[in-house]
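**Student:** curious how this folds, go ahead:
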Amino acid sequence: MIPTVSIAQVPDPLPEGLVVLDVREPDEWAHGHIEGALHVPLSLLPVRLAELPTEQTLVVCKVGGRSGQAVMWLQQQGYDVVNLAGGMLDWEAAGRPMVSDTGQPPVVI
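**Tutor:** Residues are numbered from 1 along each chain as shown. Next up is the predicted model:
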């Protein structure tokens, strides 16, 4: 079973000590992401596992599919992880803050 939360269950602002892991692709990340999030594309998780913190981690992607896969795999590695159902689309729709690396207003692509 994949531990999952909805955007309504995620405190705003995020609690101190909660890590956000974004597993989307680099172009998705550049257009809009959660400030302070750690970016590790899903395909690179196995080779970048040592970079992940051991604290509780909220895993996000665009809608929740890739982050669900990441949560399943990371649980098997002993990590305390939870999936954000609805992903960055729900984050954006809820008006939660985002930043971008493009020089344009942040947007989920």
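**Student:** my guess is Ser98 meets Ile109, correct?
**Tutor:** Slight slip there: residue 98 is Met, not Ser. No - contact criterion Cβ atoms under 8 Å: Met98 and Ile109 do not qualify, at 11.7 Å. Every C-beta, even on glycine, is put in place using the N, C-alpha and C of the backbone.
**Student:** neighbour count winner among these two?
**Tutor:** Relative neighbour count places Met98 above the other of Met98 and Ile109, with 18 against 12, counting by other Cβ atoms under 10 Å.
**Student:** on the pLDDT front, check the residue nearest to that one when sequence neighbours are not counted for me.
**Tutor:** Spatial nearest neighbour of Met98, excluding adjacent residues (Cβ to Cβ, 6 or more residues apart in numbering): Pro106 at 3.8 Å. On the pLDDT scale, Pro106 is placed at 98.
**Student:** what about Pro106, how many neighbours?
**Tutor:** Per other Cβ under 10 Å, the neighbour tally for Pro106 reads 18.
**Student:** and Asp12, how far from Arg96?
**Tutor:** According to Cβ to Cβ, to the nearest Å, Asp12 and Arg96 sit 6 Å apart.
**Student:** got the end-to-end distance for stretch 31-51?
**Tutor:** End-to-end distance for stretch 31-51, by Cα to Cα, to the nearest Å: 23 Å.
**Student:** what does stretch 35-49 give?
**Tutor:** 21 Å.
**Student:** got the residue ranges for the strands in this protein?
**Tutor:** 4-5, 19-22, 38-39, 57-60, 81-84 (DSSP state E).
**Student:** give me the low-pLDDT residue ranges for the protein?
**Tutor:** Of all residues in the chain, none has pLDDT under 70.
**Student:** residue nearest the middle of the chain, spatially speaking?
**Tutor:** Val60 (2.5 Å; Cα atoms, centre = their mean).
**Student:** quick one: contacts for that one?
**Tutor:** Counting by Cβ atoms under 8 Å, 6 or more residues apart in numbering, Val60 touches Val20, Leu21, Asp22, Val23, Arg24, Ile34, Ala37, Ser67, Leu84, Gly87, Met88, Trp91.
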